[in-house]
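Novice: heads up, no residue letters with this:
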Ligand SMILES: NC(=O)c1ccc[n+]([C@@H]2O[C@H](COP(=O)([O-])OP(=O)(O)OC[C@H]3O[C@@H](n4cnc5c(N)ncnc54)[C@H](OP(=O)(O)O)[C@@H]3O)[C@@H](O)[C@H]2O)c1
């Protein structure tokens, strides 16, 4: 969208712009006429090359070399922005050797750095991508109840089960809310569930690997827990919606399409029969893995999302076209 004479460009910062969700969000923001300050750890890395080819990127996307632990670098990317989308956070796909250094510090200290720089730059609103991981990890949640924005993962339970990613997201979101309240910063958090959908980046991120590994026949057995799947384009829409709607506030769960794993595999099989799918689906004891989350608050704000089958088709067709299912 061209800006008329005298109309100011809307400048926003997206942290971790080269990642799965942030790339999709950056694409959406550029298509809506925003100018984007995208932070990446290494602007010269091939894995960020796709950003330079985004429609509307020429002149409207500026990349900043930023590690979340480097306050000055973050502050220079946020300076001059009216808003910030804090998306970057480590999402490991394998066990990490040092959880404190590899996951917790970048998530928690990194978030506080982003918020401090946002306060100093007097931005209008910060939208932070938290996670269903900060909502769900609580033992023995009543099976007849639905999880909503009042639900928080239990730090001690995350530690006991060594679920460092869940701990990092829970700590980061809680500390962000505390910081924002103390400093009068307008912060909205969004908690997506497992994100699928076509990729813009050349590397395969952890949540896409969930489906890729199923299709590659790498999962013989899967616990029959409830998963909620959301398309990356719908997550990007949610992030922009909560940014642009003045009345948006607090937390928003972004977790549609609850389904048992066994039923999910049955749908996949019916659509794509020629893959070697998991055959065993042991039932689990913990009711927390069976309950549903509600995205009603986000829907009431005006959010709409794709049906699960569309997200599946667009993901699988993208993996096939990109040759992802043939690579080791
Ligand atoms: N995908 C999901 O299912 C899902 C669900 C709920 C919430 N989320 C949240 O969504 C956000 C994006 O995740 P994603 O799925 O898009 O994964 P992703 O593609 O792995 O993106 C993570 C991004 O964080 C950046 N990052 C990690 N550590 C950093 C550090 N120390 N300094 C600067 N940047 C750092 C990564 O940069 P590099 O490329 O340099 O490593 C990358 O751009 C995360 O906050 C994640 O917790 C994801």
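Specialist: Sure, I can see it. Just so we're clear, the structure is a prediction, and the values are computed from it rather than from any experiment.

Novice: so what's the residue of the stretch 101-250 of the chain found nearest the ligand up against?
Specialist: Nearest residue of the stretch 101-250 of the chain to the ligand (Cβ to the nearest ligand atom) works out as residue 207 at 3.1 Å. (C-beta placed from N, C-alpha, C; glycine too.) Residue 207 is in contact with 20, 91, 194-196, counting by Cβ atoms under 8 Å, 6 or more residues apart in numbering.

Novice: swap in 6 Å and give it another go.
Specialist: Contact partners of residue 207, counting by Cβ atoms under 6 Å, 6 or more residues apart in numbering, are 194-195.

Novice: looking at this, it is in a helix?
Specialist: Yes. Looking at residue 207 with DSSP: H, G, I helix; E, B strand; the rest coil, it is inside a helix.

Novice: read off the pLDDT value for whichever residue of the stretch 1-150 of the chain sits closest to the ligand.
Specialist: The ligand sits closest to residue 19 of the stretch 1-150 of the chain, with a gap of 2.5 Å, by Cβ to the nearest ligand atom. pLDDT recorded at residue 19 is 98.

Novice: repeat for residue 7
Specialist: pLDDT, read off for residue 7, is 64.

Novice: and what of residue 289?
Specialist: 87.

Novice: repeat that for the one 3 residues further on.
Specialist: Predicted confidence (pLDDT) at residue 292: the value is 96.

Novice: low-confidence ranges, the stretch 151-300 of the chain, go.
Specialist: Along the stretch 151-300 of the chain, the model assigns pLDDT under 70 to no residue.

Novice: next up, the contacts around residue 254.
Specialist: By Cβ under 6 Å, 6+ apart, the contact set of residue 254 is 190, 192, 230, 238, 295, 298.

Novice: now intersect the residues you listed with the helices, please.
Specialist: Within the contacts of residue 254, residues falling in helices by DSSP state H are 238, 298.

Novice: if we look at the ligand, which of the contacts of residue 254 are close to it?
Specialist: Intersecting the contacts of residue 254 with the contacts of the ligand gives residue 192 (criterion: Cβ under 6 Å from any ligand atom).

Novice: surely residue 38 meets residue 17?
Specialist: Yes. Residue 38 is within contact range of residue 17, at 3.0 Å (criterion: Cβ atoms under 6 Å).

Novice: give the residues shared as contacts by the two.
Specialist: residue 26.

Novice: host element of residue 30?
Specialist: Secondary structure assigned from DSSP states H and E places residue 30 in helix 20-31.

Novice: how much does the next helix or strand after that helix deviate in direction from helix 20-31?
Specialist: Downstream of helix 20-31, the first helix or strand assigned by DSSP H and E is strand 35-40. Relative orientation of strand 35-40 versus helix 20-31 (axes from the mean of the first three to the mean of the last three Cα atoms, to 10 degrees): 160 degrees.

Novice: show me what strand 35-40 is packed against.
Specialist: Under the contact criterion of 3 or more Cβ pairs under 6 Å, 6 or more residues apart in numbering; DSSP states H and E, strand 35-40 touches strand 11-14, helix 20-31, strand 61-65.

Novice: most packed of the ones you listed?
Specialist: Ranked by mean neighbour count under mean count of other Cβ atoms under 10 Å, the helices and strands packed on strand 35-40 are led by strand 11-14, which reaches a mean of 26.

Novice: circling back to that earlier point, closest to residue 100 out of the contacts of residue 254?
Specialist: Residue 100 has its nearest neighbour among the contacts of residue 254 in residue 192, at 24.8 Å by Cβ to Cβ.

Novice: and the closest one, how far from residue 218?
Specialist: According to Cβ to Cβ, to the nearest Å, residue 192 and residue 218 sit 24 Å apart.

Novice: just want to know which of the two has more residues nearby.
Specialist: The neighbour comparison of residue 192 against residue 218 (other Cβ atoms under 10 Å) goes to residue 192, with 28 against 11.

Novice: what's the closest non-adjacent residue to the more buried one?
Specialist: Distance criterion Cβ to Cβ, 6 or more residues apart in numbering; nearest residue to residue 192, sequence neighbours excluded, is residue 254 at 4.3 Å.

Novice: what does the stretch 151-300 of the chain put close to the ligand?
Specialist: Contact residues (Cβ under 6 Å from any ligand atom) of the stretch 151-300 of the chain with the ligand: 169, 192, 194-195, 205, 207.

Novice: quick revisit: helices or strands up against the helix holding residue 30?
Specialist: If you count contacts as 3+ Cβ pairs under 6 Å, 6+ apart, helix 20-31 packs onto strand 11-14, strand 35-40, helix 232-244.

Novice: right, and those - which one's nearest residue 307?
Specialist: Closest of the helices and strands packed on helix 20-31 to residue 307 is helix 232-244, at 10.5 Å (criterion: Cβ to Cβ).

Novice: okay, buried residues for that closest one please.
Specialist: Going by neighbour count (16 or more other Cβ atoms under 10 Å), the buried part of helix 232-244 is 232-243.
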